[in-house]
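Colleague: sequence and predicted structure below; questions after.
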Amino acid sequence: MAILDRDIDKLCALAQLGLDASERSAARSDLERMIAMVDAMAQVDTTDVAPLAHPLDATQRLRDDGVAAGVSREALLAVAPLTHDGLYLVPRVLDA
Amino acid sequence: MTPIGSAAEIRARLDRGEISSVELARDCIRRIEASRLNAFISVTAERALEQAEAADARIRAGTATPLTGVPIAHKDIFCTKGVRTTCGSKMLDGFVSPYDATVVEKLAAAGAVMVGKTNMDEFAMGSSSETSHYGPVRNPWDASRVPGGSSGGSAAAVAADLVAAATGTDTGGSIRQPAAFSGVSGLKPTYGRVSRWGMVAYASSLDQGGPLARSVADLETMLRCIEGFDPKDSTSAERPATSRAARPVSEIKVGLPREYFAQLSSSPLGARLADARRTFESLGVRFVDVGLPNTVVAVPTYYVIASAEASTNLARYDGVRYGHRCKDPRDIADLFQRSRDEGFGREVKRRILTGTYALSVGYYDAYYVKAQRVRRLIRDDFVEAFKTVDALLAPTSPSVAFPIGAVSDPIEMYQQDVFTVPASLAGIPAMSLPCGFHDGLPVGMQLMGKHFDEATLVALGRAFQSATDWHLKMPPEAT
């Protein structure tokens, strides 16, 4: 299947990646070849086969809904590239 | 120079007072600094000496465990408090975790001495340890070749006798294939056996931590230390520990999956596997042929699921909470996009885009859900086979270690994983151990077992290593 420039634009927007010109052309051909490879799955009849999300068919375990000790807010903020007054700092999102 | 040797040998020397843990740690650090393999990203001398002093005190007090004083390394995917965790990526170049991974915590509590963090493919995405931001790792048997990946630094470090054992992670073969390429033993436990807490996520329904070591006996010691339920990992299994009941191998029936051996028919590696089978037979192990018919589509299925999960997991790297942040972003979109562009390497971006494609509207059912359906069939193939056999013997990799740079095509690289991804998709335990050489390079064989039946793999592996000495061979770099 041919991958078009606009497909790459859309994927880059979804994945928050902005590739340069050489990366874009490589991405197109890589993705086309990748799709050709994974299309081999089509030969397997999966009628009435349920999708498997967990190899042991386990479901999400939930803990009690209560306060539990975790890593402190200060310790987590300390590893952020930029903080201010105990908050993560990002460029302005809304106009002043 | 006395070799560092296996964990079991080290414990005996420490108990006899022939050497102290501090001396051993210093010896390892000297070796790592002199090594040209690029197996380490960080050397943690200060922490190692502190832990070694505590280990020596514990040995004197008579409270040592089988790992007390034993020098080990962690793959740089396990978070270590106060020591940077890079995952082989520029994205996490300066990242210092505020907590230790459960695996790190458990090994430290047992008294193991961490001497450093090992190099790896970026975010564990690779089969050669060439995609690391810190440069490729070299194979101790031939420095012009790769050590396998993604836990290539851990495998090379153990093979080159820089440490006694190391941790690794295996999503599609990342413990087993480097163990095979580097001539060491490696175990991917059952999915859920070892906690993923503090292990940087790649593909969460496949990721599993495990050990690499000089012998199956050491793998067992490491597994017993790191396994067990962890409430902090939502997919951690609440199961009894690995059984200690040593089963006679003469009671074990092993299957030979024909789809695997068919691909080896014209390969010299087939002869090594045949030798291994004869060794097992001389020990009383019985063999039968089995079929795993969906093996042929395991690689595509794996790459759809792993890439989809990776694209989701790696969405967290946004330049805000941790990791690389671009300079002077124009706006928030520029912050996200440029931080990710600058922080991620080529292979990581390739998998993010593939995963994003597989999860996008219009393709979700055709690729992602289809892969999950095929995954069930692949898992069921194993369940069916294990109704008649206790374990499976197969090759670990279709080739021996290849030269650095020789496999530049990504699709060709993915085919390296043909024998390892089926067990990953099924979530079963699998082990690779040395079974000979081809052209002076190690050949690995793979043993796969039932869910939570690592004990049978250990029994087979121990018996094999008591009858052979492939695991005792040392590469030129170590001698």
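Modeller: Looks like it came in fine. Numbering: from 1, shown residues only, chains lettered A, B, ... in the order given.
Colleague: mind listing the strands for chain B?
Modeller: B:40-43, B:71-75, B:113-118, B:165-170, B:185-188, B:208-213, B:253-257, B:286-290, B:391-395, B:430-438, B:441-449 (DSSP state E).
Colleague: spatially central residue for chain A, please.
Modeller: Geometric centre of chain A, nearest residue: A:Ala15, 6.6 Å, by C-alpha atoms, centre = their mean.
Colleague: next one, pLDDT for the residue nearest to it when sequence neighbours are not counted please.
Modeller: Nearest residue to A:Ala15, sequence neighbours excluded (C-beta to C-beta, 6 or more residues apart in numbering or on different chains): B:Thr356, at 4.5 Å. In this view, the C-beta of every residue, glycine as well, is placed from N, C-alpha and C. The model reports B:Thr356 with a pLDDT of 97.
Colleague: OK, contacts around B:Thr356?
Modeller: A:11, A:14-15, B:311 (C-beta atoms under 8 Å, 6 or more residues apart in numbering or on different chains).
Colleague: quick one: the nearest residue to B:Gly427 once chain neighbours are set aside from B:Ile428, how far?
Modeller: Spatial nearest neighbour of B:Gly427, chain neighbours left out: A:Pro55 (2.6 Å); criterion: C-beta to C-beta, 6+ apart. Applying C-beta to C-beta, to the nearest Å, the value for A:Pro55 to B:Ile428 is 8 Å.
Colleague: between these two, which is the more surrounded one?
Modeller: B:Ile428 (28 against 25; other C-beta atoms under 10 Å in any protein chain shown).
Colleague: buried ones in stretch B:87-96, by neighbour count?
Modeller: B:87-93, B:95 (16 or more other C-beta atoms under 10 Å in any protein chain shown).
Colleague: could you work out the end-to-end span of it for me?
Modeller: 11 Å (C-alpha to C-alpha, to the nearest Å).
Colleague: what does it contact?
Modeller: When contacts are defined by C-beta under 8 Å, 6+ apart, stretch B:87-96 is touched by residues A:79, B:41, B:76-77, B:81-86, B:119-124, B:131-134, B:150, B:200, B:317, B:322-324, B:340, B:342-345, B:348.
Colleague: select only the buried ones of these in ChimeraX?
Modeller: To isolate the buried ones among the contacts of stretch B:87-96 in ChimeraX, judged by 16+ other C-beta under 10 Å, type:
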select /A:79 /B:41,76,77,81,83,84,85,86,119,120,121,122,123,124,131,132,133,134,150,200,317,322,323,324,340,343,344,345,348
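Colleague: identify the residue nearest B:Glu220 in space, chain neighbours excluded?
Modeller: B:Val458 (4.8 Å).
Colleague: which ones are touching the residue nearest to the centre of chain A?
Modeller: B:311, B:315, B:340, B:352-353, B:356.
Colleague: rewinding a little: so what's the residue count around the residue nearest to B:Glu220?
Modeller: Around B:Val458 there are 26 residues (other C-beta under 10 Å).
Colleague: same question for A:Pro51.
Modeller: Neighbour tally, A:Pro51, other C-beta under 10 Å: 15.
Colleague: same question, A:Ala80
Modeller: 16.
Colleague: just the contacts of B:Thr356 now: which is nearest A:Val71?
Modeller: Nearest to A:Val71 out of the contacts of B:Thr356 is B:Ser311 (C-beta to C-beta; 25.7 Å).
Colleague: how close does the closest one sit to B:Arg145?
Modeller: Distance from B:Ser311 to B:Arg145, by C-beta to C-beta: 31 Å.
Colleague: give me the nearest residue to residue 89, chain neighbours excluded.
Modeller: Since you didn't name a chain, this refers to chain A. That would be A:Leu82: by C-beta to C-beta, 6+ apart, it lies 4.3 Å from A:Leu89.
Colleague: chain B is the one I meant
Modeller: B:Glu122 (4.7 Å).
Colleague: wait, that neighbour sits on B:Tyr134?
Modeller: No: with contact defined as C-beta atoms under 8 Å, B:Glu122 does not count as touching B:Tyr134 (9.3 Å).
Colleague: quick one: end-to-end distance for stretch B:242-250.
Modeller: 20 Å.
Colleague: meant to ask about stretch B:8-25
Modeller: OK, stretch B:8-25 end separation, C-alpha to C-alpha: 16 Å.
Colleague: what stretches of chain A score poorly on pLDDT?
Modeller: Along chain A, the model assigns pLDDT under 70 to residues A:96.
Colleague: residues contacting B:Tyr302?
Modeller: B:Tyr302 neighbours (C-beta under 8 Å, 6+ apart): B:172, B:206, B:417, B:421, B:424-425.
Colleague: and if you look at B:Phe280?
Modeller: B:249, B:254, B:287, B:393, B:460, B:463-464.
Colleague: kindly report the same for B:Met199.
Modeller: Contacts of B:Met199 by C-beta under 8 Å, 6+ apart are B:77-79, B:101, B:103, B:169, B:207, B:209.
Colleague: what pLDDT does it get?
Modeller: 98.
Colleague: noted, bye for now.
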